[in-house]
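Visitor: Sequence first, then the predicted structure, then my questions.
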Amino acid sequence: MLVQQVKVSDITDESSAQTYLDQAIMTTFCRVLDTSRLSPAVVMRLLATALGATYREVAAAHQDGQCPCGWCPLPAIDIETLRSSLEDAAAPKRADDLGAMVVAGRA
């Protein structure tokens, strides 16, 4: 079964935002891997570097409190949260984890 593509206009909550980002990153990863002939490990490292640079740039823009969103970066906590999220997402999922199972049908 093909997964329905999520467009930017479809983003309404955290779940749809996650799906959109998952698709965008996988598409970007595959394009870079295919066109560059770099190894998957190198492309993954480059993705992690890009995410870190994005954090640094967005955090710098929020340091002076000019953004109305109210986010106040806390680099030590934020970076640990990013590291932990990466580790959790990259770790193999247990076969008996209901949250990781693919839906086979509907009840």
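Guide: On my side now, so go ahead. Remember, predicted model here, so these are calculated numbers, not experimental data.
Visitor: and Ala104, helix, strand or coil?
Guide: Classification of Ala104 by DSSP: H, G, I helix; E, B strand; the rest coil places it in coil.
Visitor: Actually, Val6.
Guide: coil.
Visitor: Confirm for me that it is in contact with Thr19.
Guide: Yes - if you go by C-beta atoms under 8 Å, Val6 and Thr19 touch, sitting 4.7 Å apart. (Each C-beta comes from the backbone N, C-alpha and C, glycine too.)
Visitor: So for these two, which sits in the more crowded spot?
Guide: Val6 (19 against 16; other C-beta atoms under 10 Å).
Visitor: Please tell me how far that one sits from Gly99.
Guide: Distance of Val6 to Gly99, computed by C-beta to C-beta, to the nearest Å: 20 Å.
Visitor: got it, and Asp78?
Guide: Taken as C-beta to C-beta, the span from Asp78 to Gly99 is 25 Å.
Visitor: so how far is the helix or strand harbouring Thr28 off the chain centroid?
Guide: If you go by DSSP states H and E, Thr28 is part of helix 14-36. Here the centre of helix 14-36 is set off from its chain's centre by 8 Å, with C-alpha atoms, centre = their mean, to the nearest Å.
Visitor: which parts of it are buried?
Guide: For helix 14-36, burial by neighbour count (16 or more other C-beta atoms under 10 Å) applies to Thr19, Tyr20, Val32.
Visitor: packing partners for that helix?
Guide: helix 40-62 (3 or more C-beta pairs under 8 Å, 6 or more residues apart in numbering; DSSP states H and E).
Visitor: what's the next secondary structure element after the helix it packs on?
Guide: helix 75-90.
Visitor: Now do that following helix: which elements does it pack against?
Guide: Using 3+ C-beta pairs under 8 Å, 6+ apart, helix 75-90 sits against helix 40-62.
Visitor: which residues are in contact with the helix it packs on?
Guide: 25, 28-29, 32-33, 36, 38, 67, 69, 71-73, 75, 78-79, 82, 86 (C-beta atoms under 8 Å, 6 or more residues apart in numbering).
Visitor: can you rerun that using 7 Å?
Guide: Ile25, Phe29, Val32, Leu33, Cys67, Trp71, Cys72, Pro73, Pro75, Asp78, Leu82 (C-beta atoms under 7 Å, 6 or more residues apart in numbering).
Visitor: Please consider this matter closed, and thank you.
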